[in-house]
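A.B. asks: Structure, please.
(chains A and B)
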Amino acid sequence: MKLQILTPDKSVFDGEVDGFSVPGAAGPFQVLKDHAPILSSLVSGELRIQIGMKETFYTVSGGFVEFHANQGVVLAESAGEKG
Amino acid sequence: MPSIKDYRLRIKSLPNTSKITSAMKMVSAARLRRAQDAYSRTRPYYEKMQELMEQVTASFQDLDHPLMKAREVKKTRYYVLASDRGLCGSFNNNLLKAFVRALEGNNSFEAVGLGRRAKDFIIRGKYAVPKNTDALSNVATFASATEIAQTAIQDFISGEVDQVFLVYNRYNSVLSQTPVTVQLLPFPRPTKGAKDEKGKAKSGSAASATGNSHAGSAAGNASGPKLDYIVEPNPAEVFNALLPQLVTIQFFRSLLENAVGEHTARMTAMDAATKNTKELIGSLTLKMNRARQAAITKELIEIVSGAEALKG
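C.D. replies: You can find the predicted model right below:
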């Protein structure tokens, strides 16, 4: 499945992932392959991307996540990889 | 009539002018590229945002938001976007003229200038200015756009202003920018017809972008029910969060678009100026040569007629 992380001034991440979890406004949740279509607003927090066994962490502040047909898009006001 | 020396001086100074203008053109070209990059980088975010908005408004018809509510207009606020510097042809002039036209028949308004040219114009014209706007710049960062848009939203909700317009230069092509006045608030409610059209246009692009079954179904029935989304925490809240963000990003993009236009206009203006100096050098050289010849002829006549006089 694909995931894109977009902010107003750039695209932070764009690529194939095995799963990701986001800080949803109604509580954090994880999205794996064939997840039902979901649209959620986000709160500031940590976004986790899983590729194989590897996990990458991003910090996002606010925004939205949309997922359908194994295409995920995170729209964040700002996002960056956690160093 | 100017002497040969005057011509020579002017001709000598012109290459310097042309050097400056062509250097300015190069600088604008570099800035233009950067501005264009910045502008196009916002597109994926913006388009996705609009798509989400359409999905939300299409699936949940009864949504309402204070930012969409049109009310009796007592006070209008204009955000006028111009450049900080001049030497960009009619870019700012056209914009300010359009602004003045937009004001016609409206006597209860306030104006915020972004960019020095607009600011000065508003001060000179003694237009009413809202409080705390001195420090605003038109440097297009998302943070500054957010700040301005947030203020606009707050003032709209608190009832301080009933309408917010944005006056800026829409970028058509390298050769043309048109000043436009766009309503920012209340947020224009998508009309049914426009949405259908947009949906169709969009589904085309969505099909190429995502290439999945969703695009196919959307193309078949643009206004029909969309995907069954799980919406968290609930549609209304997502919608409430989306709308201000959409206003902000629209504002941000206008800032960037205006910057692109500014650099384009300056580039064109400087290119024209460089060409003009070349033409001017040509015509001045011609005039100088004529003056030189006239002087020679005059001297010859004097010598000949002097000799004639001595002979007689």
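A.B. asks: Contact partners for the most centrally placed residue in chain A?
C.D. replies: The residue lying closest to the centre of chain A (CA atoms, centre = their mean) is residue A:74, at 4.9 Å. Taking CB atoms under 8 Å, 6 or more residues apart in numbering or on different chains, we find residue A:74 in contact with A:3-6, A:22, A:42, A:47, A:60, A:63-65. Yep, even glycine has a C-beta here, placed from its N, CA and C like the rest.
A.B. asks: for the residues you listed, which one is nearest chain B?
C.D. replies: Ranked by distance to chain B (CB to the nearest CB), the contacts of residue A:74 are led by residue A:6 at 4.4 Å.
A.B. asks: okay, now the closest one: neighbour count?
C.D. replies: 26 (other CB atoms under 10 Å in any protein chain shown).
A.B. asks: check contacts around the closest residue to it other than its chain neighbours.
C.D. replies: Sequence neighbours aside, residue B:45 is the residue nearest to residue A:6 in space, at 4.4 Å (criterion: CB to CB, 6 or more residues apart in numbering or on different chains). By CB under 8 Å, 6+ apart, the contact list for residue B:45 reads A:6-8, A:75, B:249.
A.B. asks: Can I have the buried ones of these as a PyMOL selection?
C.D. replies: Buried residues within these, by 16 or more other CB atoms under 10 Å in any protein chain shown, are selected in PyMOL with:
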select buried, (chain A and resi 6+7+8+75) or (chain B and resi 249)
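A.B. asks: Which of the contacts of residue B:45 fall within strands?
C.D. replies: A:6-7, A:75 (DSSP state E).
A.B. asks: Would you reformat those residues as TSV and include pLDDT and distance to residue B:128?
C.D. replies: Formatted as TSV, the ones in strands among the contacts of residue B:45 follow (pLDDT from 0 to 100; distance: CB to CB, whole Å):
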residue	pLDDT	distance to residue B:128
A:6	92	38
A:7	91	36
A:75	93	36
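A.B. asks: Pick the one among those residues closest to residue A:14.
C.D. replies: residue A:6 (8.5 Å; CB to CB).
A.B. asks: who in chain A is up against chain B?
C.D. replies: Proximity of chain A to chain B, by CB under 8 Å from any CB of the partner chain, involves residues A:4, A:6-11, A:24-26, A:29, A:36-41, A:62-64, A:66, A:68-69, A:71, A:73, A:75, A:77-78.
A.B. asks: could you redo the last one with a cut-off of 6 Å?
C.D. replies: A:6, A:8-10, A:24-26, A:36-41, A:66, A:68-69, A:71, A:73, A:75 (CB under 6 Å from any CB of the partner chain).
A.B. asks: Can you select the buried ones among the residues you listed for me in ChimeraX?
C.D. replies: In ChimeraX, a selection of the buried entries from the residues of chain A next to chain B looks like this (16+ other CB under 10 Å):
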select /A:6,8,9,24,25,37,38,39,40,41,66,68,69,71,73,75
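A.B. asks: Just put the ones in strands among the contacts of residue B:45 in a markdown table and tack on distance to residue B:83.
C.D. replies: Converted to a markdown table, these look like this (distance: CB to CB, whole Å):
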| residue | distance to residue B:83 |
| --- | --- |
| A:6 | 28 |
| A:7 | 26 |
| A:75 | 30 |
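A.B. asks: re earlier: so which strand or helix has the residue nearest to residue A:6?
C.D. replies: If you go by DSSP states H and E, residue B:45 is part of helix B:43-59.
A.B. asks: What is the subsequent helix or strand relative to that helix?
C.D. replies: Next along from helix B:43-59, by DSSP H and E: strand B:76-81.
A.B. asks: Would you mind listing where chain A has pLDDT under the threshold?
C.D. replies: Chain A contains residues with pLDDT under 70 at A:83.
A.B. asks: what's the longest strand in it?
C.D. replies: strand A:54-68.
A.B. asks: just the angle between it and helix B:43-59, please?
C.D. replies: Interaxial angle, strand A:54-68 versus helix B:43-59 (axes from the mean of the first three to the mean of the last three CA atoms, to 10 degrees): 40 degrees.
A.B. asks: coming back round to it: check which residues of the helix holding residue B:45 are buried.
C.D. replies: Under 16+ other CB under 10 Å, the buried positions of helix B:43-59 are B:44-46, B:48-59.
A.B. asks: now the host helix or strand of residue B:283: how far from the chain's centre is it?
C.D. replies: Per DSSP H and E, residue B:283 falls inside helix B:235-311. Centroid separation for helix B:235-311 versus its chain: 21 Å, with CA atoms, centre = their mean, to the nearest Å.
A.B. asks: Check whether it comes near chain A.
C.D. replies: Yes: part of helix B:235-311 sits near chain A under the criterion CB under 6 Å from any CB, namely B:238, B:241, B:249, B:252.
A.B. asks: can you count the residues close to residue B:148?
C.D. replies: 21.
A.B. asks: how much space between it and chain A?
C.D. replies: Separation of residue B:148 from chain A (CB to the nearest CB, to the nearest Å) stands at 14 Å.
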